[in-house]
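Chemist: fold the following and give me the result.
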Amino acid sequence: MRVTVVGAGVVGTMHAWQAVERGHEVVQIEREAEARGASLRNFGQIWVSGRAGGEELETALRARELWEEIGNRVPALGFRANGSLTPVRGAYELAVAEAAVARGDAAARGHKLLTPAEARALNPALRGAFDAALYCERDAAVEPRTAQLALRAELLKSPNYTFLPGREVREVTAAGTVRDDHGDLHAADVVVLCTGAWLGGLVRELAGPDLPVRRVRLQMMQTDPLGEPLPTSVADADSFRYYPAYASPALDELNARSPQPETAAAHRMQLLMVQRADGGLTIGDTHEYAHPFAFDTVEEPYEHLTGVVESLLGRPLPRVRRRWAGVYAQCTDPSRVVHRQQVADGVWLVTGPGGRGMTCSPAIAETTAHELGW
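Modeler: Below is the predicted model:
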């Protein structure tokens with residue numbers, strides 16, 4: 001079978017990976033010289049802990065298995081089974097953590113409630129004050145800025161794989177055939193459009209204006225090396241408010257009786273933090289939904305995150321060396337992990353994993369392969 005994959009972010013690259021693994025001939029087309037969207041601008045976290053139950057959790061757990069398998073083959077991914085800790089303070093936050101541990105799927109997630117001493121045994125860098133910490137053993141991480149490069153380097157070892165950067169697909173000319181902006185035609189048995197937050201142009205023409213996918217903007221930052229290991233990923237209790245796994249009467253009580261600080265609420269903020277291979281910390285994030293998005297970043301969210309991190313680490317944050325914004329696509333149907341739609345004869349659109357893209361992409365691509373009979 002011949003497969004054309006449009007888009008070289010993590011979702012597109014995992015579709016190429018799945019097709020090559022099955023012995024198919026793959027051409028992957030990317031409009032930039034390299035992917036520059038959300039796949040590079042996230043934490044690199046394989047985040048099982050906050051996923052909704054049912055299909056979403058099953059997808060995340062399967063993806064976690066696939067990430068580890070691929071990481072063993074491609075060490076440059078920087079895969080590490082680091083787990084995560086969410087320190088909690090006060091009775092309301094503690095009650096949400098206790099409810100999470102009491103869920104029927106807590107064991108599948110690897111959720112445990114730890115004392116401060118137990119949490120610091122896992123992550124001695126957490127020297128700040130907290131009352132307990134929710135641990136998720138199944139969480140993991142990769143290096144987001146280089147993951148696609150590492151995967152592509154492995155794909156290029158196959159004679160069945162071709163990468164064509166700097167080309168924008170403009171038109172579907174026949175079943176399974178697309179034309180790029182160089183005028184070249186690419187004929188295949190199936191085309192998979194994995195265009196991320198690029199929802200205009202050809203995607204709008206094929207899927208129509210009522211595509212159930214929205215764009216979300218975030219702000220993040222990265223520091224100089226911490227100077228010591230941060231062995232686990234770290235979240236704050238505000239993350240409970242944004243992940244479906246934590247929905248409970250205890251969360252309702254937290255939201256009602258202990259609302260977020262003004263800046264955090266205005267920017268729909270949570271702390272997520274992971275240490276990069278060079279020792280620096282990737283820290284975020286915010287959520288913005290109203291279009292048009294601002295073209296600049298604002299300082300108040302960074303100041304808020306700095307304060308939260310310093311309170312958990314019990315020390316000043318290293319110098320911030322990078323700040324950035326990014327945009328990702330999110331399916332507006334909360335019951336779906338991703339929007340997968342046949343938009344023309346032999347052409348499928350796969351987009352909108354939201355903040356689950358890095359986590360779930362290997363399993364999303366595997367499901368596409370099964371559904372399309374690869």
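Chemist: who are the contact partners of residue 286?
Modeler: Under the criterion of C-beta atoms under 8 Å, 6 or more residues apart in numbering, the contact list for residue 286 reads 217-219, 267-269, 301. (C-beta placed from N, C-alpha, C; glycine too.)
Chemist: can you tell me how far the closest residue to it other than its chain neighbours is from residue 239?
Modeler: Taking C-beta to C-beta, 6 or more residues apart in numbering, and ignoring the residues beside it in sequence, residue 286 has residue 267 as its nearest neighbour in space, at 4.1 Å. In this view, residue 267 and residue 239 are 14 Å apart by C-beta to C-beta, to the nearest Å.
Chemist: just for the stretch 151-300 of the chain, where's the confidence low?
Modeler: Regions of the stretch 151-300 of the chain meeting the criterion pLDDT under 70 are absent.
Chemist: what ranges do the strands span in it?
Modeler: With DSSP state E, counting those that start in this stretch, the ranges of strands along the stretch 151-300 of the chain come out as 161-165, 169-174, 177-180, 185-187, 190-193, 213-223, 233-235, 272-275, 281-284.
Chemist: relative to residue 356, which of these is closest?
Modeler: Closest to residue 356 of these, according to C-beta to C-beta: strand 213-223, at 11.8 Å.
Chemist: wait, which of the strands of the stretch 151-300 of the chain is closest to residue 17?
Modeler: Taking the strands of the stretch 151-300 of the chain one by one with C-beta to C-beta, strand 161-165 is closest: 9.2 Å.
Chemist: hang on, the earlier thing: just the buried members of the contacts of residue 286?
Modeler: When burial is judged by neighbour count using 16 or more other C-beta atoms under 10 Å, the buried members of the contacts of residue 286 are 217-219, 267-269, 301.
Chemist: just checking, residue 310 is part of a helix?
Modeler: Yes - according to DSSP: H, G, I helix; E, B strand; the rest coil, the state of residue 310 is that of a helix.
Chemist: okay, now it: neighbour count?
Modeler: Residue neighbour count, defined by other C-beta atoms under 10 Å, stands at 13 for residue 310.
Chemist: still on that earlier bit, my guess is the residue nearest to residue 286 contacts residue 287. True?
Modeler: Yes - assessed by C-beta atoms under 8 Å, residue 267 is found in contact with residue 287 at 7.2 Å.
Chemist: contacts only, for residue 149.
Modeler: With contacts defined as C-beta under 8 Å, 6+ apart, the neighbours of residue 149 are 34, 76.
Chemist: pLDDT at it, what is it?
Modeler: Note for residue 149: predicted pLDDT of 93.
Chemist: that one in helix, strand or coil?
Modeler: Under the three-state scheme (three-state DSSP), the conformation of residue 149 reads as helix.
Chemist: out of the contacts of residue 286, which is nearest to residue 79?
Modeler: Top of the list for closeness to residue 79, among the contacts of residue 286 and by C-beta to C-beta, is residue 218 at 23.1 Å.
Chemist: from residue 195, how far off is the closest one?
Modeler: From residue 218 across to residue 195, the span is 19 Å (C-beta to C-beta).
Chemist: can you give me how far stretch 272-280 is from the chain middle?
Modeler: Stretch 272-280 has its average C-alpha position 15 Å from the chain's average C-alpha position, going by C-alpha atoms, centre = their mean, to the nearest Å.
Chemist: now swap in stretch 31-40 and tell me
Modeler: Relative to where its chain is centred, stretch 31-40 has its mean C-alpha point 14 Å off (C-alpha atoms, centre = their mean).
Chemist: enumerate the positions of it that are buried.
Modeler: 31, 35, 37-40.
Chemist: what's the answer for stretch 244-261, then?
Modeler: Of the residues in stretch 244-261, those buried under the neighbour-count criterion (16+ other C-beta under 10 Å) are 245-248, 250-251, 254, 260.
Chemist: distance to residue 106 for the residues you listed - can I get that in JSON lines?
Modeler: Written out in JSON lines, the entries for the buried residues of stretch 244-261 read as follows (distance: C-beta to C-beta, whole Å):
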{"residue": "245", "distance to residue 106": "9"}
{"residue": "246", "distance to residue 106": "12"}
{"residue": "247", "distance to residue 106": "14"}
{"residue": "248", "distance to residue 106": "12"}
{"residue": "250", "distance to residue 106": "14"}
{"residue": "251", "distance to residue 106": "15"}
{"residue": "254", "distance to residue 106": "18"}
{"residue": "260", "distance to residue 106": "25"}
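Chemist: which among these gets closest to residue 349?
Modeler: Taking C-beta to C-beta as the measure, residue 349 sits nearest to residue 245 out of the buried residues of stretch 244-261, at 27.6 Å.
Chemist: max-length helix in the protein?
Modeler: With secondary structure taken from DSSP state H, the chain has its longest helix at helix 55-73.
Chemist: could you point out which element follows that helix?
Modeler: strand 84-88 (DSSP states H and E).
Chemist: and that next one, C-alpha only, in CSV?
Modeler: Listed next in CSV are the C-alpha coordinates belonging to strand 84-88 (Å, rounded to 0.1, in the frame of the first residue of the first chain):
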residue,chain,number,x,y,z
SER,A,84,4.7,12.6,38.2
LEU,A,85,3.9,14.3,41.5
THR,A,86,1.2,16.7,42.3
PRO,A,87,1.7,18.3,45.7
VAL,A,88,-1.4,19.4,47.5
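Chemist: and the angle from the helix or strand that it is followed by to strand 84-88?
Modeler: Note on strand 84-88: by DSSP H and E, the next helix or strand toward the C-terminus is helix 90-102. Calculated by axes from the mean of the first three to the mean of the last three C-alpha atoms, to 10 degrees, helix 90-102 forms an angle of 140 degrees with strand 84-88.
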